[in-house]
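Trainee: Coordinates only, no sequence provided:
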């Protein structure tokens, strides 16, 4: 009895005895395996795309497509396209939960409708801007013509203020009228009084 105790105590205290191996780290199963309640293997197809920190992602996709369809789809695709496929599945599943009939197509239709409305409003705004620019150009051209005509009238003074002595036609008529009146008065013509 003593020898077995001494043996066990000596084997524990001796530095040459091998230490027990540390336990293998328990890997957390992916969200898909956790929800499906199955063992998550090392080569799990779903593990890279459905991390344990985001279980809602798999719940949404699983509710619409089913786990077996998701696994089959991912196995048929090359690894470079799997991440995009999972994103598309989750997006479509979210769209189906909002609109069970049309799903993603309904959202695309609404976005296309908004885009066409915005394009028509943009075209109307551009046409209005062009119309305003044309009106502004017409106003500028009209003002330039008015300014040119007024400058031309200023640069060509009338004959009354010019230095030449030749009377204009209006001046001749005025002088003839005054002269005729003076001639009649000088001849002693009777003028009617202006008031009675």
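Mentor: Looks like it arrived, so ask away. Remember, predicted model here, so these are calculated numbers, not experimental data.
Trainee: From residue 35, how far off is residue 29?
Mentor: 9 Å (C-beta to C-beta, to the nearest Å). In short, each C-beta sits where N, CA and C put it, glycine included.
Trainee: of those two, who's got more company?
Mentor: residue 29 (19 against 16; other C-beta atoms under 10 Å).
Trainee: what's the burial count for residue 119?
Mentor: 10.
Trainee: Which helix or strand contains residue 52?
Mentor: Using DSSP states H and E, residue 52 maps to neither a helix nor a strand.
Trainee: Not counting its own residues, what contacts stretch 36-49?
Mentor: Applying C-beta atoms under 8 Å, 6 or more residues apart in numbering, the external contacts of stretch 36-49 come out as 27, 29-30, 32-34, 58, 67, 70-71, 74-75, 82-83, 86.
Trainee: pLDDT on the helix or strand that contains residue 110, on average?
Mentor: Element membership of residue 110, judged by DSSP H and E, is helix 104-155. What helix 104-155 shows for mean pLDDT is 90.
Trainee: Check stretch 83-91 too.
Mentor: On average, stretch 83-91 scores 93.
Trainee: buried sites along that stretch?
Mentor: 86, 89-90 (16 or more other C-beta atoms under 10 Å).
Trainee: Make TSV out of these and add secondary structure and distance to residue 154.
Mentor: Below are the buried residues of stretch 83-91 laid out as TSV (DSSP: H, G, I helix; E, B strand; the rest coil; distance: C-beta to C-beta, whole Å):
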residue	secondary structure	distance to residue 154
86	helix	82
89	helix	82
90	helix	80
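Trainee: Using a markdown table, lay out the residues you listed together with distance to residue 49.
Mentor: Shown next, in a markdown table, are the buried residues of stretch 83-91 (distance: C-beta to C-beta, whole Å):
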| residue | distance to residue 49 |
| --- | --- |
| 86 | 4 |
| 89 | 9 |
| 90 | 9 |
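Trainee: In terms of distance to residue 127, which of those ranks first?
Mentor: residue 90 (42.7 Å; C-beta to C-beta).
Trainee: Next, the contact list for that closest one, please.
Mentor: Here residue 90 is in contact with 57, 60-61 (C-beta under 8 Å, 6+ apart).
Trainee: Which one (most neighbours) among those residues?
Mentor: Most surrounded of those: other C-beta under 10 Å gives residue 61, at 25 neighbours.
Trainee: Point out the other elements, helices or strands, that the helix or strand hosting that residue touches.
Mentor: For residue 61, the host element (DSSP H and E) is helix 55-65. On a contact count with 3 or more C-beta pairs under 8 Å, 6 or more residues apart in numbering; DSSP states H and E, helix 55-65 meets helix 31-36, helix 67-76, helix 79-98.
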